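A.B. asks: sequence and predicted structure below; questions after.
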Amino acid sequence: MQRLFTNQFIAELSLVGMGLDALGGCYLAYDLLGGKQGPLRMIARAAGYVALCFIGYVLVVGLRYAIVAASGMGILLGIEFRIAGINPSHGEQHGTLVLFGFLRGLVLGLAGITVAGPLFGAVFGLLSGIGLTISYLLGFAPTQDYEAESKPHISGHKMLASLWRAVAVGIAGIVAGLLNTPRTYWILFGLKLGLAAGTVNALVGLFSPAIEGWIENLPERRLGLAGLGLIFVGMILQSMQYWIVVFELSAK
């Protein structure tokens with residue numbers, strides 16, 4: 001137990017708690033932020049995707065990678081789906097697809113630094129951006145599957161898109177690892193990164209219709225309740241550093 005509660009892990013928990021407090025405060029300030037026409041629904045949308053991505057990444061790769069990757073990917077998805085929701089009949093232009101492809105590569109590169117160092121992160125991010133951009137240009141961008149429904153569901157196109165992205169990220173991870181240290185470990189690690197990408201994309205494909213439907217029809221009072229809940233969870237996470245000291249669970 002003491003090995004789990006290292007100083008770094010305690011600091012990470014506190015940072016997550018602070019983020020939840022800030023997000024919860026935004027929910028409670030809904031009216032001040034412009035109501036339905038303000039930015040809060042964008043924030044709520046992004047928060048839903050951050051949580052969804054975090055689940056997939058933390059289960060496969062780990063906490064540090066998950067915090068960075070989920071934050072970036074969730075925000076990008078929130079922006080893209082907001083654009084698609086405003087004008088669903090308007091497909092993304094090639095320039096926009098390239099931009100979001102490389103922005104995702106940047107996010108994955110930053111996440112890669114947390115687990116394998118700067119050189120790995122730089123190569124991994126660049127190759128992931130190239131691979132994801134190619135998959136988007138082939139018709140597998142997230143907005144190609146935009147829906148606002150009440151129930152989670154999957155389709156053949158979503159599954160194929162998840163596979164394409166998983167392969168792109170997996171190859172990027174293997175190549176980036178082999179350029180650093182040519183060992184079998186890096187092949188397995190690259191496959192793990194690809195599996196994480198595929199898992200996250202499958203979760204997003206499955207639950208994004210329900211998230212979009214929920215956001216577009218969300219009563220204002222529920223936003224306030226959600227804000228209180230986020231602040232409560234954030235306070236618990238921030239207080240963990242003190243409880244750990246009280247019960248002497250931290251690593252010496």
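C.D. replies: It's in. Numbering: from 1, shown residues only.
A.B. asks: can you tell me how far K158 is from A197?
C.D. replies: Relative to A197, K158 is positioned 14 Å away (CB to CB, to the nearest Å). For glycine as for every other residue, the C-beta is placed from the backbone atoms N, C-alpha and C.
A.B. asks: ok, these two, which is more surrounded?
C.D. replies: Per other CB atoms under 10 Å, whichever of K158 and A197 has more neighbours is A197, with 31 against 22.
A.B. asks: excluding its backbone neighbours, what's nearest that one?
C.D. replies: V169 (3.8 Å; CB to CB, 6 or more residues apart in numbering).
A.B. asks: ok, the one you found - how many residues close by?
C.D. replies: Neighbours of V169 using other CB under 10 Å come to 28.
A.B. asks: my read: it touches L195, true?
C.D. replies: No: applying CB atoms under 8 Å as the test, V169 and L195 come out as separate, 9.1 Å apart.
A.B. asks: quick revisit: over to the residue nearest to A197. Which of the three states is it?
C.D. replies: Three-state call for V169 (DSSP: H, G, I helix; E, B strand; the rest coil): helix.
A.B. asks: so for it, what's the pLDDT?
C.D. replies: pLDDT recorded at V169 is 93.
A.B. asks: against P209, how distant is it?
C.D. replies: In terms of CB to CB, V169 sits 23 Å off from P209.
A.B. asks: contacts for stretch 95-111 next, please.
C.D. replies: 57, 65, 68-69, 72-73, 76, 80, 92, 121-122, 124-130, 132-137, 141, 169, 172 (CB atoms under 8 Å, 6 or more residues apart in numbering).
A.B. asks: can you show me the helices along this structure?
C.D. replies: Using DSSP state H, the helices of the chain run over 7-28, 40-60, 63-86, 94-116, 118-135, 156-180, 184-216, 220-246.
A.B. asks: among these, which is nearest E147?
C.D. replies: helix 184-216 (4.1 Å; CB to CB).
A.B. asks: the closest residue to F140 other than its chain neighbours: neighbour count?
C.D. replies: Excluding the flanking residues, the one nearest F140 by CB to CB, 6+ apart is A161, at 3.9 Å. Neighbourhood size, A161 [other CB under 10 Å]: 24.
A.B. asks: likewise M159?
C.D. replies: The number of residues packed around M159, counting by other CB under 10 Å, is 15.
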